[in-house]
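Engineer: next comes the sequence, and after it the predicted model I'd like to discuss.
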Amino acid sequence: MNYTLHQLLILAKVAECQSITRAAEALHLSQPAVSVQLKNLQEQFKIPLFHIRAKRVFMTDFGNELVQTTLEIAAQLESFNYRAKGASGKLSGKLSISIVSTGKYIMPYFLQSFLAQNPEVELRMDVTNKAGVISALDHSDAELALVSALPRQLKIAELPLLQNHLFWVVGPQFQIEKASYSPEILKTMPLIFREAGSATRAVMEQVCDRKKVGGTKELVLTTNEAIKQAIMAGLGCSVMPLIGLKHELASGDLQLLPVKGLPVVTQWRLIWLSTRPLSPVAAAYLAHLQNNREQVYEEHFAWTSAYLHPVKL
């Protein structure tokens with residue numbers, strides 16, 4: 001047999017995408033090039049590797065076994081390459097992190113200096129909601145995770161990074177006339193929620209339940225950016241993390257509504273499974289954070305202190 005690792009990796013990508021077209025896009029190859037490589041690979045085996053029905057690719061049992069073997073070989077080769085780089089005295093390897101969507105406002109700042117000091121480290125960061133983050137951690141798709149609410153179903157260790165302050169936010173159309181408002185004012189406005197599985201939604205639901213608040217109607221949007229635009233357009237109000245509102249607050253496009261009892265304060269934490277050993281790269285990154293997180297706060301997040309005057313009950 002005369003097949004190559006390149007052909008096997010193409011097969012693995014096709015199996016993942018279930019489509020030759022999408023696999024070609026992911027690999028930055030033309031569709032004919034992928035088709036030719038698959039044809040050449042299939043010719044090496046008398047047993048079918050896959051079937052195509054309605055433009056979807058379905059792997060045979062034999063094809064799945066070959067894909068699994070390919071992924072194992074690729075992982076071993078990747079590990080070997082990292083060890084070879086490490087022999088030169090430089091830290092190298094993969095740093096895999098899954099973060100909740102609002103974490104995108106803070107995580108890059110906590111990564112910048114570490115990656116600058118360790119150029120051989122490869123970063124893989126996935127941005128999703130809380131449920132997706134916990135799933136990635138549980139299934140070892142990510143070694144570290146950034147959350148603002150700890151999962152109860154996993155045994156985890158944690159490193160606190162930054163406080164997370166959540167406020168009621170309104171658009172520029174709203175005339176704030178008082179130093180503080182009763183939560184009753186929220187009954188006069190549409191409320192905009194994040195999707196189910198979002199930690200921000202969970203906080204908003206808790207606040208609404210505790211204060212017995214129900215708006216004139218409810219909207220559900222799936223990203224913080226979409227909620228920002230909706231609030232600026234005057235579609236309603238929402239509970240949002242202060243950390244992602246710097247530019248909109250400075251420009252006057254958004255305002256913090258001084259509702260009694262807010263802000264709600266949670267904690268941004270980097271977590272990992274305590275039942276699994278950390279890779280050398282992840283361990284080095286956590287040690288770096290221990291020594292540098294206060295400096296990151298002073299350089300990038302000290303501005304939040306100007307807004308942190310909780311409205312008393």
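Structural biologist: Structure's in. What do you need?

Engineer: before we move on, what SS does the residue most central in space within the chain have?
Structural biologist: Residue closest to the average C-alpha location in the chain (C-alpha atoms, centre = their mean): Val127, at 2.1 Å. Here Val127 takes the strand state, with states given by DSSP: H, G, I helix; E, B strand; the rest coil.

Engineer: quick check: mean pLDDT across stretch 163-174?
Structural biologist: Stretch 163-174 comes out with an average pLDDT of 95.

Engineer: break the chain down into its domains, please.
Structural biologist: Domains of the chain are assigned by automatic domain parsing as 5-86, 93-162+267-307, 163-265.

Engineer: between the two ends of the second one, how far is it?
Structural biologist: Using C-alpha to C-alpha, to the nearest Å, one end of domain 93-162+267-307 lies 40 Å from the other.

Engineer: now the helices for the stretch 151-300 of the chain?
Structural biologist: Remark: helices assigned in the stretch 151-300 of the chain by DSSP state H, counting those that start in this stretch are 199-211, 224-232, 246-251, 280-300.

Engineer: what lies in contact with the second one?
Structural biologist: Defining contact as C-beta atoms under 8 Å, 6 or more residues apart in numbering, one finds that helix 224-232 is touched by 101-102, 169-172, 192, 194, 200, 219, 221, 236-238, 240-241, 244-245, 248, 253-254. (Each C-beta comes from the backbone N, C-alpha and C, glycine too.)

Engineer: quick one, what contacts the residue lying closest to Leu111 once chain neighbours are set aside?
Structural biologist: Spatial nearest neighbour of Leu111, excluding adjacent residues (C-beta to C-beta, 6 or more residues apart in numbering): Leu123 at 6.7 Å. Counting by C-beta under 8 Å, 6+ apart, Leu123 touches Lys94, Leu95, Ile97, Leu111, Leu115.

Engineer: what pLDDT, on average, does the one helix or strand the last one maps to get?
Structural biologist: When secondary structure is defined by DSSP states H and E, Leu115 falls within helix 107-117. Along helix 107-117, the predicted confidence averages to a pLDDT of 95.

Engineer: report the distance from that helix to the chain centre.
Structural biologist: Computed by C-alpha atoms, centre = their mean, to the nearest Å, the chain-centroid distance of helix 107-117 equals 16 Å.

Engineer: elements contacting that helix?
Structural biologist: Where contact means 3 or more C-beta pairs under 8 Å, 6 or more residues apart in numbering; DSSP states H and E, helix 107-117 is packed against strand 121-128, helix 280-300.

Engineer: try 10 Å this time
Structural biologist: The contact analysis (3 or more C-beta pairs under 10 Å, 6 or more residues apart in numbering; DSSP states H and E) places helix 107-117 against strand 93-100, strand 121-128, strand 144-147, strand 156-170, strand 264-273, helix 280-300.
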